[in-house]
Every structure is written in C-alpha cells, then in structure tokens.
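Peer 1: just a sequence and a predicted model for now, questions to come.
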Amino acid sequence: MRKNYNFTRRKLYLPEYGRHIHEMVDSLLEIEDRHERTRQAKAVIAVMGNLNPMLRDTEDFKHKLWDHLFIMSDFRLDVDSPYPQPSRQDLTLTPQKLRYPQSRIALKHYGKYLQQFVVKVAEESKEHNTTYEMVNIARYMRAKGYEYNNEHPNNETIVRDIRTMAGDEVAMDLSAVVTMRSDYRTNTPQRMQKRTKQQVQKHHNGRKMAKSARPQQRHNQH
C-alpha cells in the first residue's frame, strides 16, 4: 500500500484553504479549454467564498479570492478574471525604508514639539505681537522643568532656554517672561491636604493628652 504523506506533497501556498482546495486549483491547470477552465475557476471561487462566509460583506472580497486563486496556482493559471491578474513581483515588493528622525533636540526634557512651538512663535513675532503665546509656553516650560529637576526654574532660566530653542538669530521681546509671576502652588490633591491636616491635628491632640497625664502620674507616685 502506497502511503501519501504530506511531506511528500507540494507546498501549500495558502494553508488556510486546505489541501483539497489546492488540489482543485491544480486540476484547473490540466483543463485545456480556456472557456471551460474559466467556468471551473469560478466554481472554485464559489467554494472558497463558502469557506469564509463572514467575509463576504467586506470590501473587495471577490478581488481577494481571485488573487488567492492565482497565488495557489503559483501564478500559472490562465483564465478570464474580472480583476487584473497579480504577478509574483507585485507580492514580493519590499517596503520602503522609513527614515529615522535625525532632528536634534536642544533641550530634551522639554520635548521636540515644544521646541517647534517656540520656533514658530518666535518667527511669527516679526509680523505681530506673540507675547501672550510665549508666556503660555513659558508656564508650560516651568511645569516641565519641575518634572525634570523636581524644582521650579526661575524666569531667567526659562528665558535662556527659550533663546536656546529659538536660536540666537531670532530676536524677540521676552520682557513679559522675565517679569512673569513666580508664585508656585503645590499640586497636592484636596483629599491629600485634608488627610495631612487631620494627621497634624491628631498629633497635636496626642501631645496635649500626654502632657495632661504627666502631673497625675507624678501625684500618684508621691
């Protein structure tokens, strides 16, 4: 008895369709009449569609089935297809290599986009007043500086960083940033602040009770 193992058979180009569909495609190659071969190919397409009924409503479903038919025939099937027949070169195209961004970030803890904002606002300052926009950027830089160094930078540091990111060739008035208010508020949530107050009050109450208990202990000893 001759045994027909899968490793002795030809490779399945699309294993998800199974061995029987590939054998049906192979049988199409043996049909000499082109009209009959096309008619049988449409029947194979119908069977392939029945294997994936949930994909019938997707866009270009028929087109994908015909492409799969040509792939399973190793692009040797010659039939009248309603769609352009794909080639082996079309499916083996290598994607274009993506360029890795090489732009230099002057101050990385502020981020790339903030530097772009500073440059844009500095360029627009030549045409109209952009003091309000630059002050908002400076406030954001103050917050990012606190995240990076765990301390709030002063206005002089922010002005220096703005000039570094904008470039020395860009001249703009930064007096509003220099005189920007330097009052900082802690970002502690209200519930944390309330809990801290309760802990302090509890600590004070404990100390008062301890002090009041000391004279009574001395009296009992005497």
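Peer 2: Structure received.
Peer 1: helix/strand/coil for Ile158?
Peer 2: The assignment at Ile158 comes out as helix when based on DSSP: H, G, I helix; E, B strand; the rest coil.
Peer 1: with His35 instead?
Peer 2: helix.
Peer 1: what of Lys3?
Peer 2: Secondary structure, three-state DSSP: Lys3 is coil.
Peer 1: okay, it: pLDDT?
Peer 2: Model confidence at Lys3, given as pLDDT, is 72.
Peer 1: the one 3 residues further on too?
Peer 2: Asn6 is assigned a pLDDT of 74 by the prediction.
Peer 1: quickly list the domain ranges of this protein.
Peer 2: Per automatic domain parsing, the structural domains of the chain span 6-91, 112-178.
Peer 1: weakest of these by average pLDDT?
Peer 2: Looking across the domains of the chain, the weakest by mean pLDDT turns out to be domain 112-178, at a mean of 83.
Peer 1: coming back round to it: in TSV: the domains of the chain, plus mean neighbour count.
Peer 2: C-betas here are computed from N, CA, C, even on glycine. Listed next are the domains of the chain as TSV, based on neighbours: other C-beta atoms under 10 Å:
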stretch	mean neighbour count
domain 6-91	14
domain 112-178	15
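Peer 1: which residues of the chain fall in strands?
Peer 2: With strands called from DSSP state E, the chain shows none.
Peer 1: measure Asn150 to Lys144 for me?
Peer 2: Note on Asn150: its distance to Lys144, by C-beta to C-beta, to the nearest Å, is 12 Å.
Peer 1: returning to that earlier point: using JSON lines, lay out the domains of the chain together with distance to Ile105.
Peer 2: Output for the domains of the chain, formatted as JSON lines (distance: least, C-beta to C-beta, whole Å):
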{"stretch": "domain 6-91", "distance to Ile105": "40"}
{"stretch": "domain 112-178", "distance to Ile105": "5"}
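Peer 1: the chain: helices as residue ranges?
Peer 2: Using DSSP state H, the helices found in the chain span residues 18-29, 34-51, 61-72, 88-91, 112-124, 131-149, 155-166, 175-178, 190-221.
Peer 1: so who does Ala166 touch?
Peer 2: Counting by C-beta atoms under 8 Å, 6 or more residues apart in numbering, Ala166 touches Val118, Val119, Ala122, Met172.
Peer 1: and the residue nearest to Arg19 when sequence neighbours are not counted, backbone torsions?
Peer 2: Take Arg19 and drop its neighbours on the chain: the residue closest to it by C-beta to C-beta, 6 or more residues apart in numbering is Leu12, 6.7 Å away. Leu12 adopts backbone torsions of phi -80, psi 120, taken as degrees, to the nearest 10.
Peer 1: residue numbering should commence at 595 henceforth.
Peer 2: Got it, first residue is 595 now, which makes that one Leu606.
Peer 1: how close does Leu606 sit to His616?
Peer 2: Counting by C-beta to C-beta, the gap from Leu606 to His616 is 6 Å.
Peer 1: need the overlap of contacts for those two.
Peer 2: With C-beta under 8 Å, 6+ apart, Leu606 and His616 have no common neighbours.
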